[in-house]
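> heads up, no residue letters with this:
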């Protein structure tokens, strides 16, 4: 049977591990089929580098992960129910919600700005008419008719 397991590396009291695919009967640090990553638990946070594509391939052809490797694969999202996969899904949902909220706020600001521009333009028109001496408001209609009559 083929297993995905850890192979111990490093000096005494300073372990680091390679994630390897090996025959289940070969020794822990002996012959292996393929090296697919490494794991260093001494870093803070621990360093996990595993070629997810190769891990999925070996799992698809029947390789069985050891318990520690299964935990690592869950963390990086190769096996279902992983913490990182769930965190990524939550983060993606939050990012999408933030983008949608930002777009809505931007649209509201633009709409408000367009409304303010239209209001300012109307105020400017009225001010120009007042400066010309034209009547503004309800009295403006009879004054406009009087100007049209004088023009004829």
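Happy to help now that I have it. Just so it is clear, the structure is predicted and the values come from calculations on it, not from any experiment.
> Could you pick out the longest helix of this structure?
Determined from DSSP state H, the single longest helix within the chain is helix 83-132.
> chain center to that helix: distance?
Centroid separation for helix 83-132 versus its chain: 22 Å, with CA atoms, centre = their mean, to the nearest Å.
> could you say what helices and strands that helix packs with?
For helix 83-132, the contact count by 3 or more CB pairs under 8 Å, 6 or more residues apart in numbering; DSSP states H and E identifies helix 67-76 as packing neighbours. No exception for glycine: its C-beta is placed from N, CA and C like everyone else's.
> quick one on the thing from earlier: could you tell me the angle between the longest helix of the chain and helix 67-76?
Between helix 83-132 and helix 67-76, the angle comes out at 10 degrees (axes from the mean of the first three to the mean of the last three CA atoms, to 10 degrees).
> By mean pLDDT, point me to the weakest helix or strand of the chain.
Within the chain, no helix or strand scores below helix 140-151, which has a mean of 58 by mean pLDDT, DSSP states H and E.
> Mind listing the residues bridging to residue 23?
Per DSSP bridges, the residues bridged to residue 23 are residue 2.
> neighbours around it, how many?
The burial count assigned to residue 23 is 12, neighbours taken as other CB atoms under 10 Å.
> any idea how far residue 72 is from residue 24?
Look at residue 72 and residue 24: by CB to CB, to the nearest Å, they are 18 Å apart.
> again with residue 107
For residue 107, the distance to residue 24 - CB to CB - is 60 Å.
> low pLDDT regions in this protein?
Residue ranges of the chain with pLDDT under 70: 81-89, 134-152.
> So it: which segments form each domain?
Split into domains by automatic domain parsing, the chain comes to 2-81, 86-132.
> taking those domains together, which one is wrapped up most tightly?
Most buried of those, by mean neighbour count (mean count of other CB atoms under 10 Å): domain 2-81, with a mean of 15.
> from memory residue 62 sits against residue 2, does it?
Yes. Using CB atoms under 8 Å, residue 62 makes contact with residue 2 at a distance of 6.7 Å.
> In contact with residue 22, which residues?
By CB atoms under 8 Å, 6 or more residues apart in numbering, residue 22 lies in contact with 2-3, 5, 7, 30-33.
> Kindly recompute the last result at 7 Å.
3, 5, 31-33 (CB atoms under 7 Å, 6 or more residues apart in numbering).
> With secondary structure and distance to residue 120 added, can I get these in a markdown table?
Listed next are the contacts of residue 22 as a markdown table, based on DSSP: H, G, I helix; E, B strand; the rest coil; distance: CB to CB, whole Å:
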| residue | secondary structure | distance to residue 120 |
| --- | --- | --- |
| 3 | strand | 74 |
| 5 | strand | 72 |
| 31 | coil | 80 |
| 32 | coil | 75 |
| 33 | coil | 74 |
